[in-house]
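Undergrad: this is a predicted model, with the sequence first.
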Amino acid sequence: MKQHYETVIIGAGMAGLAAGIRLALAGKEVIILERHNASGGLNSFYSQDGRKFDVGLHAMTNYVPKGTKGTPLTKLLRQLRIPYEALDLCPQNSSRIHFPGCQLRFNNDFALFESEIAAAFPKQIDGFRALAEEVRTLDAFNLGAIPSSARAAVQRHITDPLLEDMLFCPVMYYGSAQEHDMDYGQFAIMFRSLFFEGFARPLDGVRVIIKLLQDKYRSLGGVRKMKCGIRQIQSQDGKASAVVLDNGSVITADTILSTAGAVETARLCTDQPADAGADNIGQLSFTETITVFDKQPADFGWDDTIIFFNTAERFRYARVEPDRLVDPTSGVICFPNNYQYGEGRQLEEGFLRVTAMANHDAWCALDEDTYRAQKTHWYDKLQQVTLGLLPEAKLKLDTHRIASDMFTPRTVRKYTGHLNGAIYGAPGKIKDGRTHLDNLFLAGTDQGFLGIVGAMLSGISMANLHVLQGG
């Protein structure tokens, strides 16, 4: 392996691949190093009995039709020189937010969501419209913006706690690393990506996006090494001088972009204590069940694309209590079949995915037999919760279930390296990507742009700012 590159990128997730493409387009000599044998990071896929399961991708947010100007998706494609059609984006049917006594439907036309709120919360609609306009015009991508409370911002316009919770539930589940609240800039990014823009999905799921990025990077001469983890980042005179691989090999670089996470990156650095960043470790992890049917969800009478649900009196977005493995009172239900794939196109099998918050430490403390037994228990429990929120099935479920699986925070920790299995990383984001070393920068989860499109834009933005512009 060559021993020096202009840029080393740690991690072959969406941010790392996008950064690699951007740098390779500019003629830079770049290598991406990935500890695992599959690209995608938080948004990847795996095979089981010949069947492909997506991990992470319920929907690609930020969807806009081809030709829509001034949006994150359009900027992304332009920066990577990728044609719109290559993503095979198929829009959602419609989704909903389901709380006790109230439901709000939405699709990729903001007018539907606005009309639903006007009907369910007539006294709040003026405040909601004022909030929406404020979110629309906020400079949410300002790298120098000082973090502020999204709760406080929303409460300036929304006085009904139920509507407040219903607005936060999908936004938090699709991007917040912070308990109870989130940065207003991040709230605005997610609100726009979910409600002003919308949901879409390639027919073949996340592997379409991963393959597209990998092929583009490879075509530009970029180097990618899999099963090639980083043991440490060495430094000298305030700069990162080299990365040491798990096998002991050493690679030097002018610049290093890390997508491993802020705390995880700091702890790779030889000049930092073993407990560096202890006050900024993410606390939120999730579990997900996947069920496969030999029928389409529509055959059971289920037409929603995604359902964000809460069954408790108030929505609680926080670490699960130490004595519990899963909090089943809120979560996300996804039917990957319920996108508008076009005439004659559909997934051959029916899929149901259910995501809920889970306790990393509790899951990791279980012995193997107990772990498997608890997976079975919580799979059944989450199916019960889900069926209580859906129209009664027109067909008998057990007759048509042909496969199932479940991942836990232990799985997330193993395949992402994120401490605590924190899918959205550290609560304190570093928007400009700077670290304590002059030539070591962060991209991806802990830089702070959210979602799949956001992750790729993060990689592009950090590559532009710190490598191509020398900022």
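TA: It's in.

Undergrad: can we go C-alpha only for contacts and neighbour counts from here?
TA: Fine.

Undergrad: tell me how many other residues crowd the closest residue to residue 30 other than its chain neighbours.
TA: In this structure, residue 30 finds its nearest non-sequential neighbour in residue 7, 4.9 Å apart by Cα to Cα, 6 or more residues apart in numbering. Neighbour count for residue 7, taken as other Cα atoms under 10 Å: 24.

Undergrad: residue 7 is in contact with residue 31, isn't it?
TA: Yes. The pair residue 7 / residue 31 is scored as a contact, 6.6 Å apart, by Cα atoms under 8 Å.

Undergrad: show me the shaky parts of the stretch 1-150 of the chain.
TA: Applying pLDDT under 70 to the stretch 1-150 of the chain picks out residues 1-2.

Undergrad: where exactly do the strands run in it?
TA: 4-10, 30-33, 44-48, 51-55, 90-91, 95-99, 102-106 (DSSP state E, counting those that start in this stretch).

Undergrad: if you count contacts, what does the longest helix along the chain end up packed against?
TA: Scanning the chain for the longest helix, with DSSP state H as the assignment, gives helix 368-387. Secondary-structure packing of helix 368-387 (3 or more Cα pairs under 8 Å, 6 or more residues apart in numbering; DSSP states H and E): strand 326-334, strand 350-358.

Undergrad: and the last one, how far out from the chain middle?
TA: Spelled out, that is strand 350-358. Distance of strand 350-358 from the chain centroid (Cα atoms, centre = their mean, to the nearest Å) equals 14 Å.

Undergrad: angle of it against strand 51-55?
TA: 40 degrees (axes from the mean of the first three to the mean of the last three Cα atoms, to 10 degrees).

Undergrad: tell me what the residue nearest to residue 30 is bridged to.
TA: Beta-bridge partners of residue 7, counted by DSSP bridges, are residue 30, residue 255.

Undergrad: residues contacting it?
TA: 28, 29, 30, 31, 253, 254, 255, 256, 257 (Cα atoms under 8 Å, 6 or more residues apart in numbering).

Undergrad: domains of this protein?
TA: For the chain, the structural domains run 4-86+205-279+425-468, 93-197, 283-416, going by automatic domain parsing.

Undergrad: quick one, which of these is packed in tightest?
TA: domain 4-86+205-279+425-468 (a mean of 20; mean count of other Cα atoms under 10 Å).

Undergrad: centre-most residue in the chain?
TA: With distances taken as Cα atoms, centre = their mean, residue 451 lies nearest the centre of the chain, 4.6 Å away.

Undergrad: close enough to count as contact, it and residue 60?
TA: Yes. Between residue 451 and residue 60 there is a contact under Cα under 8 Å: 7.5 Å.

Undergrad: could you give the bridge partners of residue 309?
TA: Beta bridges link residue 309 to residue 98, residue 331, judged by DSSP bridges.

Undergrad: distance check, it against residue 333.
TA: Distance, residue 309 to residue 333, by Cα to Cα, to the nearest Å: 8 Å.

Undergrad: for residue 432, same thing?
TA: From residue 432 across to residue 333, the span is 34 Å (Cα to Cα).

Undergrad: ok, the residue lying closest to residue 319 once chain neighbours are set aside - contacts?
TA: In space, and not counting its chain neighbours, residue 319 is closest to residue 284: 5.4 Å by Cα to Cα, 6+ apart. Contact analysis of residue 284 by Cα under 8 Å, 6+ apart lists 177-179, 318-319, 357-359, 420-424.

Undergrad: show me the residues you listed that map onto strands.
TA: 357, 358 (DSSP state E).

Undergrad: hang on, the earlier thing: for residue 344, find the nearest of the strands of the stretch 1-150 of the chain.
TA: Nearest to residue 344, of all those, is strand 90-91, at 13.3 Å by Cα to Cα.

Undergrad: who touches the closest one?
TA: 63, 108, 198, 199, 200, 201, 202, 203, 339, 340, 341, 342.

Undergrad: may I have the strands that pair with it, each with its orientation?
TA: strand 200-201 (antiparallel).

Undergrad: so for the strand it pairs with, mean pLDDT?
TA: For strand 200-201, the mean pLDDT works out to 96.

Undergrad: what about the helix or strand following it, average pLDDT?
TA: Next helix or strand after strand 200-201 toward the C-terminus (DSSP states H and E): helix 206-219. Regarding helix 206-219, the rounded mean pLDDT is 95.

Undergrad: likewise for stretch 181-197?
TA: Computed over stretch 181-197, the average pLDDT equals 95.

Undergrad: got the CA positions of it in PDB?
TA: Written as PDB, here are the backbone C-alpha positions of stretch 181-197 (Å, rounded to 0.1, in the frame of the first residue of the first chain):
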ATOM      1  CA  ASP A 181     -34.300  19.200  22.800                       C
ATOM      2  CA  MET A 182     -32.100  20.000  19.800                       C
ATOM      3  CA  ASP A 183     -30.200  22.800  18.200                       C
ATOM      4  CA  TYR A 184     -32.600  25.100  16.400                       C
ATOM      5  CA  GLY A 185     -30.500  25.100  13.300                       C
ATOM      6  CA  GLN A 186     -30.600  21.300  13.200                       C
ATOM      7  CA  PHE A 187     -34.300  21.400  13.800                       C
ATOM      8  CA  ALA A 188     -34.700  23.700  10.800                       C
ATOM      9  CA  ILE A 189     -32.600  21.400   8.600                       C
ATOM     10  CA  MET A 190     -34.700  18.400   9.500                       C
ATOM     11  CA  PHE A 191     -38.000  20.200   9.300                       C
ATOM     12  CA  ARG A 192     -37.300  21.400   5.800                       C
ATOM     13  CA  SER A 193     -36.000  18.000   4.700                       C
ATOM     14  CA  LEU A 194     -39.100  16.200   6.000                       C
ATOM     15  CA  PHE A 195     -41.900  18.600   5.400                       C
ATOM     16  CA  PHE A 196     -40.900  21.200   2.800                       C
ATOM     17  CA  GLU A 197     -39.100  18.700   0.700                       C
END
